[in-house]
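**Q** My questions concern the predicted model and sequence given below.
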Amino acid sequence: MDESLRRRYLEAMGIQNWVERNGATPEPAIQQGPPEPIDPNPPDRAEPPPPVAESVPPWLQDVPPLTGEWGFSEPPEAAALEPVDPVYGLDWKGLEARVAACERCELCKTRTRTVFGVGDRSADLMVIGEAPGVDEDRQGEPFVGRAGQLLNAMLLAIGLERSQVFIANVLKCRPPGNRDPRPEEALQCEPYLRRQVALVKPKVIMAVGRVAAQNLLKSQEAVGRMRGRDYRFDDIPLVVTYHPAYLLRSPHHKSRAWQDLQRAVGMLQNRR
């Protein structure tokens with residue numbers, strides 16, 4: 001077929017005739033029509049298969065799912081954690097200064113002096129009373145009135161000088177009118193007392209009086225019911241006995257107090 005006629009036929013059919021650079025005439029490229037638009041969601045795209053529900057054994061159905069990077073529950077937020085009282089990190093000097101400047105409760109407005117505690121700061125026996133009285137508030141030392149004199153005699157009866165034990169109170173300030181300490185007042189003073197116990201490291205604690213025993217042991221029982229039982233405060237054996245001021249009013253109970261003292265001596269000997 002004549003080449004010029006062939007080209008006219010191809011042009012009439014919409015077929016472009018290409019000519020190679022070397023002059024040879026290649027086979028015509030057949031045009032398939034205009035390009036179809038691209039479908040953004042082609043029908044041949046495979047949708048991801050739905051998740052297959054895993055079968056859970058009956059004994060695991062009530063177990064909450066594990067979370068966190070390592071498969072364990074995440075720790076609670078820092079704000080949800082109970083803060084640690086900075087008192088628990090103080091040494092003797094810092095603790096005494098903190099007590100002297102304490103304004104944790106309203107007793108700071110009525111006290112004359114704080115009553116920190118006296119005695120051997122590495123004693124085997126620690127005596128804990130309730131709160132300062134008039135004489136203690138004036139002198140800044142626990143058990144210095146008539147009750148203090150009787151306490152000294154009680155200690156001498158078991159072979160201990162006052163200076164050989166450490167004496168402290170649940171409260172470091174005198175309540176007005178010598179009333180009983182209020183729960184909120186004892187709570188504010190508790191870190192001071194616990195820090196004293198931690199620093200002294202006594203082998204035995206002797207709680208003298210109802211208020212001291214009830215606050216240390218978180219109990220509402222009377223002293224007469226608590227006597228003779230085994231207790232511990234911060235993992236230290238604790239003996240409950242009568243307050244010397246009570247014994248001054250009820251001297252017929254001194255024999256029972258002597259039994260409590262003997263109990264404390266036996267504990268000390270067992271821990272040496």
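**A** It's in.
**Q** Helices along the stretch 51-200 of the chain, start to end?
**A** All helices of the stretch 51-200 of the chain, identified by DSSP state H, counting those that start in this stretch, fall at 92-100, 134-139, 146-157, 183-200.
**Q** Of all the ones you listed, which one is nearest Arg111?
**A** Of all the helices of the stretch 51-200 of the chain, helix 134-139 sits nearest to Arg111, with 6.1 Å by CB to CB. C-beta: built from backbone N, CA, C; applies to glycine.
**Q** Buried residues of that closest one, list them for me.
**A** Neighbour-count burial for helix 134-139 flags 135-137 (criterion: 16 or more other CB atoms under 10 Å).
**Q** go on, stretch 232-245?
**A** In stretch 232-245, counting by 16+ other CB under 10 Å, buried: 233, 236-245.
**Q** Let's see which of the residues you listed end up in strands.
**A** Among the buried residues of stretch 232-245, the ones falling in strands (DSSP state E) are 233, 236-241.
**Q** Okay, angle between whichever helix or strand Val265 is part of and helix 146-157 too, please.
**A** According to DSSP states H and E, Val265 maps onto helix 254-270. Computed by axes from the mean of the first three to the mean of the last three CA atoms, to 10 degrees, the angle separating helix 254-270 from helix 146-157 equals 50 degrees.
**Q** elements contacting helix 254-270?
**A** Under the contact criterion of 3 or more CB pairs under 8 Å, 6 or more residues apart in numbering; DSSP states H and E, helix 254-270 touches helix 146-157, strand 204-208, strand 236-241.
**Q** Format the CA atom coordinates belonging to the second one as CSV.
**A** Listed next in CSV are the C-alpha coordinates belonging to strand 204-208 (Å, rounded to 0.1, in the frame of the first residue of the first chain):
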residue,chain,number,x,y,z
VAL,A,204,11.1,-0.8,125.3
ILE,A,205,8.5,2.0,125.5
MET,A,206,6.5,2.7,128.6
ALA,A,207,3.2,4.6,128.0
VAL,A,208,2.1,6.3,131.3
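**Q** Give me the residues contacting that strand.
**A** Here strand 204-208 makes contact (CB atoms under 8 Å, 6 or more residues apart in numbering) with 124-130, 151, 197, 213, 216-217, 233, 236-244, 260, 264, 267-268, 271.
**Q** now the longest one
**A** Residues external to helix 146-157 that are found in contact with it (CB under 8 Å, 6+ apart): 127, 133, 135, 142-143, 161-162, 164-165, 167, 208, 243-245, 247-248, 257-258, 261.
**Q** confidence score at Val144?
**A** On the pLDDT scale, Val144 is placed at 93.
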